[in-house]
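Undergrad: build me a structure from this.
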Amino acid sequence: MKIVFEEGRKQSAAYDGEKPVGNCTYEEENGVWRVEHTYVDKDYGGQGIAKKLLDCILDEARKRSIKIVPVCSYVVREFEKHPESYADVVK
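TA: Have a look, this model is predicted:
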């Protein structure tokens with residue numbers, strides 16, 4: 001499984017070989033990233049891929065000192081469950 005940041009597509013993406021199996025998308029607004037959607041193919045569920053996709057977005061945001069607004073229900077839940085892990089990036 002390969003997780004990559006695709007800046008031009010405003011997403012992190014998961015690939016099984018060449019097959020895309022998930023993504024986490026964001027929109028940029030006034031220097032803030034609104035993380036809007038997380039998707040993982042049902043055949044790949046339960047492997048922690050959604051978390052890895054989110055972590056990839058967060059790593060890039062931290063490198064660039066960009067704040068995150070969680071919109072996607074998965075991301076909102078993660079931010080609520082572990083506020084200490086995201087305090088530095090949450091808007």
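Undergrad: show the pLDDT at the spatially most central residue of the chain.
TA: What sits nearest the mean C-alpha location of the chain, by C-alpha atoms, centre = their mean, is L54, with 2.7 Å. pLDDT recorded at L54 is 97.
Undergrad: for the longest helix anywhere in the chain, C-alpha coordinates in PDB please.
TA: Longest helix in the chain, counting residues (DSSP state H): helix 49-63. The C-alpha coordinates for helix 49-63 follow below in PDB (Å, rounded to 0.1, in the frame of the first residue of the first chain):
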ATOM      1  CA  ILE A  49      -6.000   3.500   5.400                       C
ATOM      2  CA  ALA A  50      -8.300   6.400   6.200                       C
ATOM      3  CA  LYS A  51      -6.100   7.400   9.100                       C
ATOM      4  CA  LYS A  52      -3.000   7.100   6.900                       C
ATOM      5  CA  LEU A  53      -4.600   9.300   4.300                       C
ATOM      6  CA  LEU A  54      -5.500  11.900   7.000                       C
ATOM      7  CA  ASP A  55      -2.000  11.700   8.500                       C
ATOM      8  CA  CYS A  56      -0.500  12.400   5.000                       C
ATOM      9  CA  ILE A  57      -2.600  15.600   4.700                       C
ATOM     10  CA  LEU A  58      -1.700  16.700   8.200                       C
ATOM     11  CA  ASP A  59       2.100  16.100   7.600                       C
ATOM     12  CA  GLU A  60       1.900  18.400   4.600                       C
ATOM     13  CA  ALA A  61      -0.100  21.000   6.400                       C
ATOM     14  CA  ARG A  62       2.400  21.000   9.300                       C
ATOM     15  CA  LYS A  63       5.400  21.300   6.900                       C
END
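Undergrad: in it, what counts as buried?
TA: Buried residues in helix 49-63, counting neighbours by 16 or more other C-beta atoms under 10 Å, are found at I49, A50, K52, L53, L54, D55, C56, I57, L58, A61. In short, each C-beta sits where N, CA and C put it, glycine included.
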